[in-house]
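Engineer: Predicted model, plus sequence, below.
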Amino acid sequence: MSALQVLPMLAYLLACLVIGRIALAGRGTGPSGWIWPAGLGAVFLLVSLWAVAQEGLLQFWVNHTTTLVGNQVWFDLLIAVSLSFYLLAPRARAVGMALLPWAIAVILTASIALLPMLARVLWLEHRARAVPAP
């Protein structure tokens with residue numbers, strides 16, 4: 001098997017583990033909960049830059065417009081990113097984040113911006129809980 005066949009399987013396994021942990025945890029994120037989306041966002045950015053360097057920016061569009069399966073993956077991405085932003089936006093507003101710059105970044109890069117947005121929300125929420133009221 002090539003790396004292009006193994007990596008999606010490993011990513012799926014990791015996603016299953018993360019989703020399972022979230023489902024079974026029964027509590028909110030801890031003080032360092034922001035580190036995971038921040039780290040994943042950094043790794044995903046590097047992998048995305050590597051993919052663009054190897055195959056060009058237009059290859060993303062070719063992958064989504066060549067077959068019905070490519071279209072389905074594109075629609076799934078749009079739905080997942082839109083839903084994630086919809087669910088995250090009230091929490092971001094509650095901690096004082098300006099949503100328009102994040103919305104533009106998410107529209108342009110999907111999860112590449114959504115992951116650091118989540119990390120920032122979690123970090124700001126933790127900071128707000130940790131600071132005693134005057």
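Structural biologist: Right, received. Where do you want to start? Everything numeric here is computed off the predicted structure, so don't read it as measured data.
Engineer: What is the neighbour count of residue 106?
Structural biologist: Other residues lying near residue 106 total 21 when counted by other C-beta atoms under 10 Å. From N, CA and C alone the C-beta is placed, and that goes for glycine too.
Engineer: again with residue 117
Structural biologist: Neighbour count of residue 117, defined by other C-beta under 10 Å: 25.
Engineer: ok, now how distant is residue 81 from residue 54?
Structural biologist: 23 Å (C-beta to C-beta, to the nearest Å).
Engineer: Please identify which of those two sits among more neighbours.
Structural biologist: Between residue 81 and residue 54, residue 81 has the larger neighbour count (other C-beta under 10 Å), namely 17 against 8.
Engineer: May I ask you to confirm that that one is in contact with residue 114?
Structural biologist: Yes. The criterion here is C-beta atoms under 8 Å, and residue 81 meets it with residue 114 at 6.2 Å.
Engineer: Now do the shared contacts for those two.
Structural biologist: residue 106 (C-beta atoms under 8 Å, 6 or more residues apart in numbering).
Engineer: Show the average pLDDT along the host helix or strand of residue 22.
Structural biologist: Taking DSSP states H and E as the criterion, residue 22 maps to helix 3-25. In this model, helix 3-25 has a mean pLDDT of 89.
Engineer: Now do the buried residues in whichever helix or strand comes after it.
Structural biologist: Using DSSP H and E, the helix or strand that follows helix 3-25 in sequence is helix 35-55. Using 16 or more other C-beta atoms under 10 Å as the test for burial, helix 35-55 gives 37, 38, 40, 41, 44, 45.
Engineer: Going by distance to residue 110, which of those residues wins?
Structural biologist: Distances from residue 110 to the buried residues of helix 35-55, taken as C-beta to C-beta, are shortest for residue 44 (9.7 Å).
Engineer: where does the residue nearest to residue 123 when sequence neighbours are not counted fall, phi/psi-wise?
Structural biologist: Counting by C-beta to C-beta, 6 or more residues apart in numbering, residue 123 lies nearest to residue 34, which is 4.0 Å off, once chain neighbours are set aside. The phi/psi pair for residue 34 (degrees, to the nearest 10) reads phi -70, psi -20.
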